[in-house]
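Trainee: Model the structure of this input:
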Amino acid sequence: MSSLLEYKCPSCGGAIEFNSTVQKMKCPFCDTEFDVETLQEYDAELQNETSDDISWDTSAGGNWTEDEMTGMRLYVCKSCGGEIVGDETTAATTCPYCDNPVVMMEQFTGVLKPNYVIPFKIDKNMAKQKLREFYKGKRLLPSSFRSENHIDEVKGIYVPYWLFDADTQGSVRYKGTKVTGHWSDSNYNYTQISVFSVIREGTLQFENVPADGSSKMADDMMESVEPYYFSEAVDFQTAYLAGYLADKYDVTSEESIERVNQRMKQSTEEAFKSTCTGYGTLETQHSSIHVENGKAKYALYPVWLLNTRWKGEKFTFAVNGQTGKIVGDMPVDWTKFWCWFAGITAVATSIAYGLMYIFLR
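Mentor: A predicted model of the protein is given here:
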């Protein structure tokens, strides 16, 4: 049984073959030429590349003791299904996610105890002030939004986070290009571009890579409200929940691994890419991460949720309860937008005519 050996062009990915005229391997698609020895070395490198090897110890959190659970209550929203942990004095009348009424259950069971908590440093009044400051400078925000919208509810909530630590061995291969020559004849201008295989390998240590454990909190919003500074985290005590709510996680650490792996891969590629200088373009072609001592921790991070309404529509803002960073979506005044767009177009047109006048004089 025979098999066909096929080489791929490192420049464009097309199949290449030996060209008897130039006595080299040549790509029929981009006309790039390679020495046979060089191509064999490149192919050997590809054969030795490995895939990701990322496994984790996800035994995060601990067990509640009987005295710690005394006085704790579970509030359940019948509209969105959110389950929120609070103490017996918490006046949880509405869901922080959808504003609908919640009902209180007598106790909660089957929940892991957090390892750590970052206590709130931003109070409710400061969270409101952050929202007012957030409105400033937004030129396309409807003028009436600032005066007519009102804050329906401000809830301080501890969001469950899985934090991942790992010692990693990373290997990344990039395709780099450089312009190495220019020339012209009577008909054409030519640019010579050289293609390079750029390899970076090294070790990285990741600590406290976060992934929120709540499906009710939008992942993009929770990632946007970062960073949190784990140096201010303390061992969990139920006293920190007094006066606040704590979301009950419904995404396990095992279910969060894929998101964390992607964040680690992206960080590895960016870190290694920063060491590759002098290239016109740099494209990641292969990366692999091998993890050792990977483990997960369970923590609660503070977030203020502010729900506002304007013209019957709901807008939700999240404020980092540690740093005060705020994120959220706001409406757009389309009349202002088109006026702004027309102004930019008019300026660009004037500049274009001015340049044409200068060069055509």
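Trainee: Please count neighbours and contacts with C-alpha atoms only from this point.
Mentor: OK.
Trainee: so Y298 bridges to which residues?
Mentor: Beta-bridge pairing of Y298 under DSSP bridges involves W162.
Trainee: One more: V76?
Mentor: Beta-bridge partners, per DSSP bridges, of V76: E83, V103.
Trainee: residue contacts, E283?
Mentor: Y174, K175, G176 (CA atoms under 8 Å, 6 or more residues apart in numbering).
Trainee: What is the neighbour count of the residue nearest to D167 when sequence neighbours are not counted?
Mentor: Leaving aside its chain neighbours, D167 sits nearest to Q205 (4.7 Å; criterion: CA to CA, 6 or more residues apart in numbering). Close neighbours of Q205, defined as other CA atoms under 10 Å, add up to 11.
Trainee: I'd like the distance between Q205 and Y188.
Mentor: 51 Å (CA to CA, to the nearest Å).
Trainee: Just the pLDDT for the residue nearest to D167.
Mentor: With respect to pLDDT, Q205 scores 91.
Trainee: Would you give the sheet partners of the host helix or strand of it, along with the direction of each?
Mentor: Using DSSP states H and E, Q205 falls within strand 189-212. If you go by DSSP bridges, strand 189-212 pairs up with strand 150-184 (antiparallel).
Trainee: Compute the mean per-residue pLDDT across the strand it pairs with, please.
Mentor: Computed over strand 150-184, the average pLDDT equals 85.
Trainee: Tell me how far G294 lies from E207.
Mentor: Distance of G294 to E207, given as CA to CA: 10 Å.
Trainee: Now do the shared contacts for those two.
Mentor: Residues touching both G294 and E207 (CA under 8 Å, 6+ apart): F164, D165, A166.
Trainee: which of those residues count as buried?
Mentor: F164, D165, A166 (16 or more other CA atoms under 10 Å).
Trainee: Could you tell me the per-residue confidence at M72?
Mentor: M72 is assigned 65 on the pLDDT scale.
Trainee: Q237: neighbouring residues, count only.
Mentor: With other CA under 10 Å as criterion, Q237 counts 13.
Trainee: same check, this time on the one 3 residues further on
Mentor: By the measure other CA under 10 Å, the count of residues near Y240 is 15.
Trainee: Specify the local secondary structure of the closest residue to it other than its chain neighbours.
Mentor: Closest residue to Y240 apart from its sequence neighbours, by CA to CA, 6+ apart: P119 at 6.6 Å. Secondary structure, DSSP: H, G, I helix; E, B strand; the rest coil: P119 is coil.
Trainee: Next up, the contacts around P119.
Mentor: Counting by CA under 8 Å, 6+ apart, P119 makes contact with A233, V234, Y240, Y301, P302, G321, Q322.
Trainee: Can you give me the distance of the closest residue to V172 other than its chain neighbours to T177?
Mentor: Once flanking residues are discounted, V172 sits nearest to S287: 4.2 Å by CA to CA, 6+ apart. To T177, S287 is 18 Å away according to CA to CA.
Trainee: swap in M217?
Mentor: Distance of M217 to T177, given as CA to CA: 41 Å.
Trainee: Equivalent analysis for V319, please.
Mentor: Taking CA to CA, one finds V319 at 43 Å from T177.
Trainee: So which of the two has more stuff around it?
Mentor: V319 (26 against 19).
Trainee: How confident was the prediction at the more buried one?
Mentor: pLDDT at V319 comes out at 93.
Trainee: May I see the PyMOL selection of the buried members of the contacts of E283?
Mentor: To isolate the buried members of the contacts of E283 in PyMOL, using 16+ other CA under 10 Å:
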select buried, resi 174+175+176
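Trainee: could the contacts of E283 go into JSON lines alongside distance to Q129?
Mentor: Below are the contacts of E283 laid out as JSON lines (distance: CA to CA, whole Å):
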{"residue": "Y174", "distance to Q129": "46"}
{"residue": "K175", "distance to Q129": "48"}
{"residue": "G176", "distance to Q129": "48"}
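Trainee: what's near enough to touch T177?
Mentor: Counting by CA under 8 Å, 6+ apart, T177 has contacts I193, S194, V195, F196, Y279, G280, T281, L282.
Trainee: make it 10 Å
Mentor: Neighbour list for T177: 11, 193-198, 278-283 [criterion: CA atoms under 10 Å, 6 or more residues apart in numbering].
Trainee: what sits opposite it in the beta ladder?
Mentor: The partner residues for T177, given DSSP bridges, come to V195, T281.
Trainee: got it, and the one 5 residues further on?
Mentor: Beta bridges link H182 to T191 when assigned by DSSP bridges.
Trainee: Was I right to think it contacts S194?
Mentor: No. Counting by CA atoms under 10 Å, H182 does not reach S194; the two are 11.9 Å apart.
Trainee: These two: which has the busier surroundings?
Mentor: Set H182 next to S194 and count neighbours by other CA under 10 Å: S194 wins out with 14 against 10.
Trainee: Quick check: that one touching F34?
Mentor: No. Judged on CA under 10 Å, S194 makes no contact with F34 at a distance of 11.6 Å.
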